[in-house]
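# Dropping the sequence and predicted coords here.
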Amino acid sequence: MAGTDDDGRGGGTADLQREARALGDPTRFRLFHYIADSRDPVGVAELTAYVGLNHNAVRQHLAVLKGARLVVEEVEERRRPGRPALLYRVHPEATGAWGTAGPYAWLAGLLAQALEHGWSPREAGRREGQRRAEQDTDVSDSLDALEGELEHRGFRPDRRARGARTDFVLERCAFVEVAATHAATVCQVHLGLAEGFAERRGDLTIERLRVRDPHAAGCSLVVAPAPTPTRRPGSRVRTGRGVEQA
């Protein structure tokens with residue numbers, strides 16, 4: 001299992017040293033924070049205008065940030081003629097580090113909604129999962145889409161096929177400090193997130209979430225095809241047994 005540092009990131013001191021070396025350059029530090037502060041992925045042209053350097057220099061800085069797992073590079077979804085642009089967003093495992101906004105703000109927002117509306121943590125997560133699935137319409141395969149959502153949340157999923165079922169082993173706990181003392185609440189939020197995502201996609205069902213010590217990571221989300229009668233986009237999908245202590 002992947003170990004974690006005090007901030008919940010996997011890889012230990014070596015990762016922090018690599019990140020620190022990458023951000024030791026003032027230009028790369030500015031680029032990283034510009035990307036982290038942007039609501040949408042950022043292109044090279046915008047970053048070039050921001051730091052006032054040529055494209056080649058900016059691309060070299062981005063390559064270093066990408067190699068340090070501080071940013072993620074993705075290809076623009078382009079629906080018009082022309083070559084798709086490369087876009088950059090902060091790496092999920094770097095959120096909350098080096099002065100950036102972290103995943104705990106997202107978790108706090110969901111729990112605040114739960115208190116305001118009288119929802120359970122699982123229901124708050126389910127509604128968020130539905131919302132995320134409605135936004136994520138570019139990925140046709142539902143397992144790929146769910147894997148992408150888990151990566152986006154910083155869980156570092158390891159996808160393992162077991163016949164008709166699929167296990168997503170979560171090699172990193174993005175909320176280790178809170179989960180260590182409030183596992184029931186945090187795990188219910190994330191079980192609900194997966195259930196809502198599967199429900200909105202319409203062709204998956206979440207059977208259970210096997211929970212382990214958050215410091216060790218390795219929780220497992222068990223996913224199966226939805227029963228044929230419920231395979232309707234937007235319909236409520238049968239859910240399984242919920243959270244299981246491994």
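On my side now, so go ahead.

# Where does pLDDT dip in this structure?
Low-confidence segments of the chain (pLDDT under 70): 1-12, 78-80, 82, 101-102, 228-246.

# quick one, helices of it?
Assigned by DSSP state H, the helices in the chain fall at 13-23, 26-37, 44-51, 55-67, 103-117, 121-135, 142-152, 176-179, 183-201.

# Quick check: which of those is buried the most?
helix 183-201 (a mean of 24; mean count of other C-beta atoms under 10 Å). Backbone N, C-alpha and C define where each C-beta goes, glycine included.

# Helix 121-135 and that helix, what's the angle between them?
If you take axes from the mean of the first three to the mean of the last three C-alpha atoms, to 10 degrees, helix 183-201 sits at 30 degrees to helix 121-135.

# what is the orientation angle of helix 183-201 with helix 142-152?
140 degrees.

# now helix 183-201, how far from the chain's geometric center?
Centre-to-centre, helix 183-201 and its host chain are 13 Å apart (C-alpha atoms, centre = their mean, to the nearest Å).

# Packing partners of it?
Using 3 or more C-beta pairs under 8 Å, 6 or more residues apart in numbering; DSSP states H and E, the elements in contact with helix 183-201 are helix 103-117, helix 121-135, helix 142-152, helix 176-179, strand 204-211, strand 219-225, strand 242-245.

# re earlier: which one of the helices of the chain lies nearest to Leu170?
Checking the helices of the chain against Leu170 by C-beta to C-beta gives helix 142-152 as the closest, at 6.9 Å.

# thinking again about what came up before, tabulate the helices of the chain (JSON lines), appending distance to Cys219.
Formatted as JSON lines, the helices of the chain follow (distance: least, C-beta to C-beta, whole Å):
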{"stretch": "helix 13-23", "distance to Cys219": "21"}
{"stretch": "helix 26-37", "distance to Cys219": "26"}
{"stretch": "helix 44-51", "distance to Cys219": "36"}
{"stretch": "helix 55-67", "distance to Cys219": "28"}
{"stretch": "helix 103-117", "distance to Cys219": "15"}
{"stretch": "helix 121-135", "distance to Cys219": "14"}
{"stretch": "helix 142-152", "distance to Cys219": "11"}
{"stretch": "helix 176-179", "distance to Cys219": "9"}
{"stretch": "helix 183-201", "distance to Cys219": "7"}
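
# Tell me which of the ones you listed lies nearest to Glu93.
helix 13-23 (8.4 Å).

# other SSEs contacting that closest one?
Counting by 3+ C-beta pairs under 8 Å, 6+ apart, helix 13-23 packs on helix 26-37, helix 55-67.

# so can I have TSV of those helices showing distance to Pro214?
Compiled in TSV, the helices and strands packed on helix 13-23 are given as follows (distance: least, C-beta to C-beta, whole Å):
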stretch	distance to Pro214
helix 26-37	24
helix 55-67	28
